[in-house]
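>>> sequence? don't have it. structure:
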Ligand code: HEM
């Protein structure tokens with residue numbers, strides 16, 4: 001009670017609107033309230049009003065279901081006060097951009113970051129100067145060679161998926177997509193090629209109980225255990241998960257030794273055949289050689305840190321891309337108009353350049369051949385922002401400015417050590433930034449100014465011309481209004497990876513096929529469930545339950 005009163009006093013001092021809650025979503029007790037309230041109120045969500053007002057702040061990532069309601073009630077910035085502390089929620093694009101850009105003033109919450117280090121510190125878990133080293137070494141690995149590998153591996157795995165999916169009425173396509181993105185991550189990270197049909201025939205290397213892919217899958221399928229359960233407990237309670245964890249660690253050690261040997265033979269050798277592990281090793285070594293004169297400063301990554309980075313790529317890049325693709329498949333099957341535009345673009349692509357020439361082009365050149373498909377991907381991520389919480393903590397007292405037409409510029413000072421959450425769903429569903437935000441329409445991304453494009457109204461002449469030209473442009477939306485990949489220096493390192501994977505996937509899947517909803521399913525109900533009942537995963541937004549999507553030949 002004493003803490004509660006004290007925190008209310010602090011909130012009053014800050015001067016922002018505030019509301020009270022016995023527990024807030026970022027504190028430890030929310031691990032208890034979250035599953036209970038989610039279970040009890042799941043049916044309530046179908047009313048379309050988000051979570052009940054009294055309970056919402058105790059539910060982790062309540063913002064997705066809330067769709068900006070709390071901000072319409074309390075303001076673009078407001079505080080939730082509980083006995084454990086204060087959290088500031090932000091739905092103003094200007095303030096969100098500022099928070100994203102000032103990485104030294106708004107850091108990732110340090111107490112949560114340790115959890116992301118089961119294999120070692122990494123670019124996602126560190127801050128300050130240490131993050132700079134991780135970024136300098138890890139970022140160059142996401143270059144054109146990696147994008148080409150992503151393209152070829154995604155197309156190869158998609159061909160395998162097509163053979164399993166087409167004509168098979170019982171195929172659970174979501175499972176196929178999760179396996180696909182996991183295997184693409186495995187190939188791109190470690191050069192390990194998997195075949196969904198054939199993997200059992202592969203012989204195990206000496207000294208291993210699992211294949212590299214088996215270990216990888218074991219770790220990825222049980223990420224919550226790996227991230228939350230202490231290793232000593234894991235060892236005795238979830239033996240299979242522990243084995244996968246130990247095996248992956250051992251594989252990475254072996255691959256690092258092998259990569260190091262290859263690298264010392266040919267530092268100037270070809271880059272084109274490398275996977276992410278070798279690319280990051282090379283980058284670390286090159287950085288060490290360039291920076292060796294700066295004695296006393298850290299210039300390269302340890303093996304632990306390289307393993308940590310490979311793990312964060314798997315963590316950040318596996319189910320984010322899978323869920324984006326799953327949402328996109330369902331929406332394409334539900335919206336025949338959008339699907340037919342996507343199909344036209346893909347047909348055009350195979351008539352002209354075709355996939356054979358892709359590898360001689362840069363990723364920006366070949367992505368430019370798919371403006372509508374990219375616009376569609378961005379619209380999917382606006383409506384279903386698969387990573388919901390973008391959380392930061394103020395290092396010291398920080399001034400924030402909000403900018404609104406109604407109230408002009410307003411300034412507020414947040415104290416040091418305060419939790420700040422950018423509410424990306426509220427930003428994506430704001431009428432100011434995205435007119436008629438509930439309407440899913442990729443054309444928003446093909447006009448010069450998305451803030452004046454209202455899909456519920458007839459197009460202006462200018463907008464018609466812009467859409468006809470078919471140039472995908474993220475310039476159309478003002479900075480800070482689309483937060484699916486974050487903003488600023490800590491924005492998603494794998495966003496181009498994700499775009500290449502998405503385009504490679506659909507350009508192959510829909511080359512000769514199209515998607516349809518199963519006959520027994522009710523399209524209205526599917527979309528309602530998709531919009532109202534998604535969520536509930538510890539890391540990403542996931543579609544609610546299995547939807548029957550069929551892959552059928554285009555010309556039948
Ligand atoms: C559609 C797919 C994806 C989405 C929506 C997405 C979204 C995001 C978001 C919102 C952040 C920022 C989080 C924050 O600021 O707290 C982030 C960071 C990150 N993402 Fe992604 N991501 C995707 C795919 C990928 C892929 C494929 C990879 C790697 C292969 C990747 C690697 C990373 C890394 C390493 C970071 C941390 C960057 C840092 O902290 O400096 N992501 N991602």
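Thanks, I have it. Every value quoted in this text rests on a predicted model; they were computed, and no experiment measured them. Numbers count the residues shown, from 1 in each chain.
>>> so who does the residue of the stretch 451-556 of the chain found nearest the ligand touch?
Proximity of the stretch 451-556 of the chain to the ligand (Cβ to the nearest ligand atom) peaks at residue 494, 2.1 Å away. Yep, even glycine has a C-beta here, placed from its N, CA and C like the rest. Contact analysis of residue 494 by Cβ atoms under 8 Å, 6 or more residues apart in numbering lists 142, 313, 316, 317, 320.
>>> and the ligand, which of those residues reach it?
313, 316, 317, 320 (Cβ under 6 Å from any ligand atom).
>>> Run a quick neighbour tally on the second one.
Here the number of neighbours of residue 316 (other Cβ atoms under 10 Å) works out to 23.
>>> For the helix or strand harbouring it, which helices and strands make contact with it?
Per DSSP states H and E, residue 316 falls inside helix 303-317. Secondary-structure packing of helix 303-317 (3 or more Cβ pairs under 8 Å, 6 or more residues apart in numbering; DSSP states H and E): helix 128-138, helix 173-190, helix 212-221, helix 239-265, helix 276-291.
>>> nearest to residue 468, of those helices?
For the helices and strands packed on helix 303-317, proximity to residue 468 was assessed by Cβ to Cβ; helix 173-190 is nearest, at 32.6 Å.
>>> for the record, mean pLDDT for that closest one?
Confidence for helix 173-190, expressed as mean pLDDT, is 90.
>>> got it, and stretch 244-251?
Here stretch 244-251 scores 91 as its mean pLDDT.
>>> swap in stretch 428-448?
For stretch 428-448, mean pLDDT is 95.
>>> What's the end-to-end length of that stretch?
End-to-end distance for stretch 428-448, by Cα to Cα, to the nearest Å: 18 Å.
>>> go on, stretch 35-55?
One end of stretch 35-55 sits 12 Å from the other (Cα to Cα).
>>> Contacts for that stretch next, please.
Counting by Cβ under 8 Å, 6+ apart, 33, 56, 58-59, 62, 65-67, 69, 528, 532-533, 536 sit against stretch 35-55.
>>> Just the buried positions in it, please.
Residues 37, 38, 41, 44, 45, 50, 51, 55 are the ones in stretch 35-55 that count as buried (16 or more other Cβ atoms under 10 Å).
>>> so which residue of the stretch 101-250 of the chain comes closest to the ligand?
For the stretch 101-250 of the chain, Cβ to the nearest ligand atom, closest residue to the ligand: residue 124, 4.0 Å.
>>> quick one, phi/psi of that residue?
phi -80, psi -20 (degrees, to the nearest 10).
>>> How about residue 222?
Dihedral pair for residue 222: phi -120, psi 40, per degrees, to the nearest 10.
>>> go on, residue 411?
In terms of degrees, to the nearest 10, the main-chain angles of residue 411 are phi -110, psi 150.
>>> Show the contacting residues for the residue lying closest to residue 124 once chain neighbours are set aside.
Closest residue in space to residue 124, ignoring its immediate chain neighbours: residue 312 at 4.3 Å, by Cβ to Cβ, 6 or more residues apart in numbering. By Cβ under 8 Å, 6+ apart, the residues touching residue 312 are 116, 122, 123, 124, 125.
>>> Secondary structure element holding the last one?
Right, the one you point to is residue 125. Here residue 125 is assigned to no helix or strand, by DSSP H and E.
>>> do the same with the second one
Using DSSP H and E, no element contains residue 122; it sits outside every helix and strand.
>>> State the pLDDT value of it.
pLDDT, read off for residue 122, is 94.
>>> show me the residues around the residue nearest to the spatial centre of the chain that make contact.
For the chain, residue 320 is the residue whose C-alpha lies nearest the centre (Cα atoms, centre = their mean; 4.2 Å). By Cβ under 8 Å, 6+ apart, the contact set of residue 320 is 386, 387, 494, 498, 540.
>>> From the residues you listed, which land in helices?
The helices, defined by DSSP state H, take in residue 498 from these.
>>> Would you check which pair of the contacts of residue 320 lies furthest apart?
Greatest spatial distance among these (Cβ to Cβ): 494 and 540, at 13.3 Å.
>>> Residue in the stretch 251-400 of the chain with the shortest distance to the ligand?
residue 317 (2.9 Å).
>>> what's near enough to touch that residue?
181, 185, 494, 497, 498.
>>> show me the residues around the second one that make contact.
With contact set as Cβ under 8 Å, 6+ apart, residue 185 has these partners: 216, 313, 314, 317, 318.
>>> want to throw the buried residues of stretch 35-55 into CSV with distance to residue 75, pLDDT and secondary structure?
Converted to CSV, those look like this (distance: Cβ to Cβ, whole Å; pLDDT from 0 to 100; DSSP: H, G, I helix; E, B strand; the rest coil):
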residue, distance to residue 75, pLDDT, secondary structure
37, 24, 93, helix
38, 27, 90, helix
41, 25, 91, helix
44, 25, 92, helix
45, 24, 90, helix
50, 17, 91, coil
51, 19, 93, coil
55, 21, 93, coil
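>>> Show me what the mean pLDDT comes to for the strand or helix carrying the residue nearest to the centre of the chain.
Using DSSP H and E, the element containing residue 320 is helix 319-334. Helix 319-334 shows a mean pLDDT of 95.
>>> again with stretch 526-536
Mean pLDDT, stretch 526-536: 85.
>>> buried sites along that stretch?
For stretch 526-536, the buried set under the neighbour-count rule, 16+ other Cβ under 10 Å, comprises 526, 527, 529, 530, 531, 532, 533, 534, 535, 536.
>>> Pull the residues that contact that stretch.
Applying Cβ under 8 Å, 6+ apart, the external contacts of stretch 526-536 come out as 38, 42, 45-46, 48, 61, 64-65, 327, 330-331, 334, 383-384, 388, 517, 541-545, 547.
>>> Out of those, list just those in strands.
Secondary structure assignment (DSSP state E) places residue 517 from the contacts of stretch 526-536 within strands.
>>> filter the contacts of stretch 526-536 to the buried ones?
Using 16+ other Cβ under 10 Å as the burial test, the contacts of stretch 526-536 include 38, 45, 61, 64-65, 327, 330-331, 334, 383-384, 388, 517, 541-544, 547 as buried.
>>> Give me the neighbour count for the residue of the stretch 101-250 of the chain closest to the ligand.
Residue 124 has 22 neighbouring residues, counting by other Cβ under 10 Å.
>>> from what I can see it touches residue 116, true?
Yes - contact status for residue 124 versus residue 116: in contact at 5.6 Å, counting by Cβ atoms under 8 Å.
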